[in-house]
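Chemist: Sequence plus the predicted model coming up.
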Amino acid sequence: MTTMDKVTVYTDGACSGNPGPGGWAAILTAGEHEKEISGGEPETTNNRMELLAVISALELLKRPCQVTLYTDSQYIEKAVNQGWLRSWKAKGWRRRGGELRNIELWQRLDGLLARHDVTFRWVKGHAENDRNNRCDALAVAEREKFRSA
């Protein structure tokens, strides 16, 4: 059995209006290497941006990794850690209350979670965490590109 590379990821999403222009960002670190990625959409939701930050970071990994992922999205953290994602999948990608939004993103995330060993940790947003604050600044900058267009 080979040892998986260890990667730490911070993610964040930002949206002005819900829906409205939005941005997402992630910071990946492995050893002494660090990479920042970001993107956005002209008309989106905060949950989509949070999901795209996580998905984009995990899709960047070229081989299976052991990932500790920090997010300020309780929705994503709870969906994974409290088994909501497994339940939605078992119910044909539906929630107990009915329709699940962003199904295609949850399906992409589910596939990535099968590839990587990911531990999700919630971090308080807009607090004393430098990397979460940097992700927020990057996501807001992406969002602002669409506001000024």
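Modeler: Happy to help now that I have it. Numbers count the residues shown, from 1 in each chain.

Chemist: Could I get the phi/psi values of R96?
Modeler: phi -60, psi -40 (degrees, to the nearest 10).

Chemist: The nearest residue to it once chain neighbours are set aside: neighbouring residues, count only.
Modeler: Closest residue to R96 apart from its sequence neighbours, by Cβ to Cβ, 6 or more residues apart in numbering: S87 at 7.7 Å. All C-beta spots, glycine's among them, are computed from the backbone N, C-alpha and C. Around S87 there are 13 other residues, counting by other Cβ atoms under 10 Å.

Chemist: Helix or strand: which one has S87?
Modeler: helix 84-90 (DSSP states H and E).

Chemist: Give the rounded mean pLDDT of that helix.
Modeler: Per-residue pLDDT values over helix 84-90 give a mean of 96.

Chemist: Give me the contacts around it.
Modeler: K78, A79, R94, R95, R96, L100, W106, L109, D110, L113 (Cβ atoms under 8 Å, 6 or more residues apart in numbering).
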